[in-house]
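S.K.: For reference, the sequence and a predicted model appear below.
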Amino acid sequence: MRRPEAPLKVLIRNIGQIVSGDIAKPLLDGDSIVAADGKIVAVGRGLDDDADTVIDARGSTVVPGLIDSHCHPVFGDFTPRQRTIDFIDSGLNGGITTMISAGEVHLPGRPKDIVGLKALAIVAAKAYANARPAGVKMHAGAPILELGMVEEDFAEMAKAGVKLVGEIGLGSVKTGKDAAPMVKWARKHGMTATIHTGGPSIAGSNAISGEVVLEADPDVVGHINGGTTSMSEREIDALVATQMALEIVHCGNGKTALHALRRAQEAKATHRIIIGLDAPSGTGVVPLGILRVLAHLVSLGGVAPEEAVCMATGNTARVYKLPVGVIAPGREADFCIVDAPIGSQGRTALEALRVGDLFGVSMVLIDGQIKIGRSRNTPPATRAAEVVKGQGPATGGH
């Protein structure tokens, strides 16, 4: 059944480059994309469909909507940690179309008893499923594990729609011995578990070493480069040698981010790198944080820009089993139309990353709907996408 609010059909044409989001084949041969009823229908050359909305990309680049693998929402588009409203909308203006909670830890008076933490997880999961701030797909409801939890607790949450486990180590569960059975219960009931690593990030949290992570065996090594204090390079090496997803975040240690990238490249494990913000946090609200990590890894770490984009899109979608992050028929139609910013030494969006610049976002679509035109946060794109048929977006500004 078609979403009543979605355009029937959208055509994006005159695309210069398409980044697929699939790190095994990061660049697609094509200059046009057709989406209908919120899903991608076709990717190819010279597609000329009688679409309700036609967008001229004017030779710029289309990438999947970016995914923030690590955020800390509470309810709605407000963060009490930074006393800031519309932080999710600001992320949208940084190209983020999907966000994944690592725990609603900043809720004032966050309950730490088992009944309360389950209730919070269930309410957060349902609230964000019912309402998308700015249209962004927020996957929330990530309980912080406490001692005394049993398998039935995970079964109850999973039945109510909870699919995540928040950062292990932010509660009383802080050893690998205590965490390991809970991770197995979570996985059994279809939940994806993340563990905190490095030094403590908030009052009441704990330092988590590489040894604890190995014993706990979660799905995701949360902020392998620290959130904000990093583990040692030796510990990072041991975790790269596993099959866990390796999360690099903006609000972490830039030096060990590059170390983790190099080790993953040597191990042919870049398909396991995912990218997040770890914000809102003490570092603040960082709307362009994902773009900054991309520029950091590409310009200083030597990774191909199209592969870096896949780390912030398709890699994360695969870890969390989401139907986004890849430009392919049948996937949800979330796109960013981007280009080198005015004044950059790079001529395209990907070349801009190579020289260390952020690319400029000129349009973002979620489920085939235009959510913003020119970003109010990125530098202006040299070539800006334009709606040539149908209703256009409100223009962003500075």
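M.R.: Sure, I can see it.
S.K.: C-alpha only now, for contacts and for neighbours.
M.R.: Fine.
S.K.: All the strands of the stretch 151-300 of the chain, residue numbers only.
M.R.: Secondary structure of the stretch 151-300 of the chain by DSSP state E, counting those that start in this stretch: the strands cover 164-168, 192-195, 220-221, 245-249, 273-276.
S.K.: for residue 53, phi and psi?
M.R.: Here is the backbone geometry of residue 53 (degrees, to the nearest 10): phi -120, psi 130.
S.K.: Report how many residues lie close to it.
M.R.: 22 (other Cα atoms under 10 Å).
S.K.: Surely it is in contact with residue 386?
M.R.: No - judged on Cα atoms under 8 Å, residue 53 makes no contact with residue 386 at a distance of 10.7 Å.
S.K.: which residues in this structure form helices?
M.R.: Using DSSP state H, the helices assigned to the chain run over residues 87-92, 114-130, 151-159, 176-188, 210-216, 233-240, 254-266, 289-299, 305-311, 314-319, 349-354.
S.K.: which stretch among the ones you listed comes nearest residue 104?
M.R.: helix 114-130 (8.0 Å; Cα to Cα).
S.K.: coming back round to it: ranking the helices of the chain by burial, who's on top?
M.R.: Greatest average neighbour count among these goes to helix 305-311 (a mean of 28), per mean count of other Cα atoms under 10 Å.
S.K.: Now it: average pLDDT?
M.R.: If you average the pLDDT over helix 305-311, you get 98.
S.K.: Am I right that residue 355 is in contact with residue 299?
M.R.: Yes - counting by Cα under 8 Å, residue 355 does reach residue 299; the two are 5.7 Å apart.
S.K.: contacting residues around the residue in the chain sticking out farthest from the centre?
M.R.: No residue in the chain sits farther from the centre than residue 50, which is 32.7 Å out by Cα atoms, centre = their mean. The contact partners of residue 50, by Cα atoms under 8 Å, 6 or more residues apart in numbering, come to none.
S.K.: Could you check the pLDDT of it?
M.R.: 89.
S.K.: same question, residue 3
M.R.: pLDDT, read off for residue 3, is 47.
S.K.: bridging residues for the residue nearest to residue 167 when sequence neighbours are not counted?
M.R.: Distances taken as Cα to Cα, 6 or more residues apart in numbering place residue 195 nearest to residue 167, at 4.6 Å, with adjacent residues excluded. When assigned by DSSP bridges, residue 195 has beta-bridge partners residue 168, residue 221.
S.K.: Residue 68 too?
M.R.: residue 99.
S.K.: I'd like the distance between it and residue 327.
M.R.: Residue 68 sits at a distance of 17 Å from residue 327 (criterion: Cα to Cα, to the nearest Å).
S.K.: So those two - more neighbours on which side?
M.R.: Neighbour count, other Cα under 10 Å: between residue 68 and residue 327, residue 327 has more, with 30 against 27.
S.K.: where in the chain is pLDDT low?
M.R.: 1-7, 204, 394-398 (pLDDT under 70).
S.K.: That one - how does it break down into domains?
M.R.: 9-64+326-389, 66-287 (automatic domain parsing).
S.K.: Distance to residue 317 added to the ones you listed, as a markdown table?
M.R.: Listed next are the domains of the chain as a markdown table, based on distance: least, Cα to Cα, whole Å:
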| stretch | distance to residue 317 |
| --- | --- |
| domain 9-64+326-389 | 8 |
| domain 66-287 | 8 |
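S.K.: Output stretch 116-124 as CSV, restricted to C-alpha atoms.
M.R.: As requested, the backbone C-alpha atoms of stretch 116-124 are provided in CSV (Å, rounded to 0.1, in the frame of the first residue of the first chain):
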residue,chain,number,x,y,z
GLY,A,116,12.1,1.0,34.6
LEU,A,117,14.9,0.4,32.1
LYS,A,118,12.7,-2.0,30.1
ALA,A,119,9.9,0.5,30.1
LEU,A,120,12.1,3.3,28.9
ALA,A,121,13.5,1.2,26.0
ILE,A,122,10.0,0.2,24.9
VAL,A,123,8.6,3.7,25.1
ALA,A,124,11.6,5.2,23.2
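S.K.: and for that stretch, what are the contacting residues?
M.R.: With contacts defined as Cα under 8 Å, 6+ apart, stretch 116-124 is touched by 74-75, 104, 110-111, 140-144, 153, 157, 160-162.
S.K.: let's see 7 Å
M.R.: If you take Cα atoms under 7 Å, 6 or more residues apart in numbering as the criterion, stretch 116-124 is touched by 75, 111, 140, 141, 142, 143, 157, 160, 161, 162.
S.K.: do stretch 101-115 as well
M.R.: Contacts to stretch 101-115, defined as Cα under 7 Å, 6+ apart, come from residues 70-74, 80-81, 117, 139-144, 149, 166-167.
S.K.: Please apply the same query to stretch 297-316.
M.R.: Outside stretch 297-316, the residues that reach it (Cα under 7 Å, 6+ apart) are 19, 21-23, 26-27, 64-67, 69, 258, 271-275, 294, 325-326, 350, 353-356.
S.K.: first to last residue in that stretch, what's the distance?
M.R.: Stretch 297-316 end-to-end distance (Cα to Cα) = 16 Å.
S.K.: same check, this time on stretch 333-348
M.R.: 22 Å.
S.K.: I'd like the distance from that stretch to the chain centre, please.
M.R.: Its chain's C-alpha centre and that of stretch 333-348 lie 19 Å apart, by Cα atoms, centre = their mean, to the nearest Å.
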